[in-house]
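A.B. asks: Fold the following and give me the result.
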Amino acid sequence: MSTVREATFEVLRRFGLTTIFCNPGSTEVALLTGLPDDLRFVLALHEGSVVGMATGWAIGHGAPALAVLHTAAGLGNAVGAIATARANRVPLVILVGQQDRRHLALEPFLTGRLEGLAGDYPVWVDQPVRAQDVPGAVARAYHEAVTFRGPALVVVPLDDWAAPFQDETIAAPTRLLRPAAVSDESLAPLAALLSEARSPAIVAGAGVRTGADMGVVASGPSREGVVASGPSGEGVGVVASGPSGESVALAGSGVREAGWAAVVALAERLGCPVWQESFGAMAGFPQDHPQYAGVLPADRARLRAALAAHDVVLAVGAPVFRQYPFDTGPLVEPGTTVALVTDDPAEAHRSPADLAYLAAPAAVCERLAVLVPARPAPLRPAPDGPGLPPEGEVLRAAHVLHQLARRLPADAVLVEETPSSRPDLHRLVPARNPLGFVSAAMGGLGFGVPAAVGLRMSLPDRPVVAVVGDGSALYGVHALWSAAHYRVGALFVVLANGRYAIMDRLADKAGGKAPWPAFTEVSMGGMARSLGCAARRVDTAEELAAVLDEVMPTLVDREEPLLLEVTVAVDPDFQP
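C.D. replies: Model (predicted):
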């Protein structure tokens, strides 16, 4: 480790940050030229796709991903994607290039005024005082990203990489564990509240799985913390308590399933309905479960109506309660008690709950499932799909989604970015695994296509499908080149209506004429092919059924991406 660059590479290896998502510039050449063979470089054609692909990779691995950005231009282009990673609580380590430290005072060409450029969206930002502090800053960025569930930035001047590094101290721990044992005594108020409830309900959010990623520990026979370590030394395994207090591994294939298993156990014990948080990044509960109640409304009047029958509502890994349009009145009816369990301090501090726990959701729910009495659960019928339209009638999004759902494997990763079709997707395509619904909690566009590429890269044995609108796809279309070049066999289903349908409907509701035109001239298939990605156009129900029957069985083994441009009409009954 004779140079800062070599010392930093050792830090990257230690923490498993050996895949580098990047769109390079001259301030990064000293870092990137002549990479060791064990470091993989992945090129994206736009910085939004760089961070979007890294976000998908991190979601798939349940561990931070590494992105490298080019000074002010690169960081500026990536801010929207960084904001999405923060809202989705996805850990990233982001290195941002800077001009040569030796003449920064003169503000040479490509000097970046980087402090504050990404606003408050990074969980941590550092511009090391000395070149020799860079390896420690990168190591700390990893820990900050995991602890605070978001992107951590380190700004590195280009000459720092060649600086000598001998007998230096790395200011970060080599290994950091986060035990999160929850005692029965601390859970007593919540256990009593749920036990005495006449009609409890649960609102589950994306945060039910974040604690598992961070090394959640539940209680063993003597309440000691037990944790399993991953390859990087981080605590990543989840150990839960059985009915008699013994330690048992939660079912599923790793940490992603642990949060779901714990919430399912609690919901079944309580016999209560479970709502999905509105505008969530991921599903917090299996949506084919008979106790699943649907997506919680995002305005106060409908929210109150949905929860009116319940005297206790427990939000798990979700805020209390996420809204979209402003409305007056309380969030819940008088007499309804709201409790919250989250490992996000900001979420806990801002939520108007009667009782809040800042704790690992998986550990809390797992133990509550032992402490509360069992109740019978009502069964809920599954929704009916719309089938296919009559021959000659134009396709609508609901038709496409229903046909997709009929063929989608249970272990499929489904990425969503189709705002005008999201209600139909929630209704017709239930998430049957913790990655069965992945979306952008921030609400900005450009997440779906690159995130799907990153997810498939990190999970090459899982089928990955992105359902995106054509307006959304345009924000991340660059990632199709990366998918084609690196042989990432994801399926991109683009619902093409040639307009911003949700904006059109919002303008109608506002009582005015929208000034923006349609963009029916855009060919998503043509764009995909120009980027090296195969594409097919689908105009009829017969074509849709045929292509899905052909393609869906190949998803696990596909190495070539495919974009389906499906022409759809806007549902006249759609309301945002």
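
A.B. asks: Would it be right to say that residue 280 lies in a helix?
C.D. replies: No - counting by DSSP: H, G, I helix; E, B strand; the rest coil, residue 280 is not part of a helix but coil.

A.B. asks: Check whether it really touches residue 318, as I assumed.
C.D. replies: Yes - with contacts counted by C-beta atoms under 8 Å, residue 280 reaches residue 318, the gap being 6.8 Å. For glycine as for every other residue, the C-beta is placed from the backbone atoms N, C-alpha and C.

A.B. asks: Output the below-cut-off pLDDT ranges for the stretch 351-500 of the chain.
C.D. replies: The model of the stretch 351-500 of the chain has pLDDT under 70 over residues 378-393.

A.B. asks: So for residue 280 and residue 318, which residues contact both of them?
C.D. replies: Both residue 280 and residue 318 are in contact with 205, 206, where contact means C-beta atoms under 8 Å, 6 or more residues apart in numbering.

A.B. asks: Compare neighbour counts for those two and give me the winner.
C.D. replies: Per other C-beta atoms under 10 Å, whichever of residue 280 and residue 318 has more neighbours is residue 318, with 29 against 25.

A.B. asks: Now for that one: which residues touch it?
C.D. replies: Contacts here follow C-beta under 8 Å, 6+ apart; on that basis residue 318 touches 203, 204, 205, 206, 207, 277, 280, 284, 342.

A.B. asks: Regarding the second one, what are the backbone dihedral angles?
C.D. replies: With angles defined as degrees, to the nearest 10, residue 204 sits at phi -100, psi 140.

A.B. asks: excluding its backbone neighbours, what's nearest it?
C.D. replies: Spatial nearest neighbour of residue 204, excluding adjacent residues (C-beta to C-beta, 6 or more residues apart in numbering): residue 284 at 3.1 Å.

A.B. asks: What about the one you found, how many residues nearby?
C.D. replies: Around residue 284 there are 30 other residues, counting by other C-beta under 10 Å.

A.B. asks: ok, now residue 269?
C.D. replies: Residue 269: 19 neighbours (other C-beta under 10 Å).

A.B. asks: Going along the chain, name the strands of the stretch 401-550 of the chain.
C.D. replies: According to DSSP state E, counting those that start in this stretch, the stretch 401-550 of the chain carries its strands in the segments 413-417, 464-469, 491-496, 534-538.

A.B. asks: and the second one, what does it pack onto?
C.D. replies: If I follow you right, that is strand 464-469. Counting contacts by 3 or more C-beta pairs under 8 Å, 6 or more residues apart in numbering; DSSP states H and E, strand 464-469 is packed against helix 397-407, strand 413-417, helix 448-458, strand 491-496.

A.B. asks: picking that back up, most neighbours, which of the contacts of residue 318?
C.D. replies: Result: residue 205 is most packed of the contacts of residue 318 (other C-beta under 10 Å), 33 neighbours.

A.B. asks: out of everything not next to it in sequence, what's closest to that one?
C.D. replies: Nearest residue to residue 205 in three dimensions, chain neighbours excluded: residue 318, at 2.6 Å (C-beta to C-beta, 6+ apart).

A.B. asks: Could you do residue 74 as well?
C.D. replies: residue 47 (4.7 Å).

A.B. asks: Retrieve the pLDDT associated with the one you found.
C.D. replies: We have a pLDDT of 96 for residue 47.
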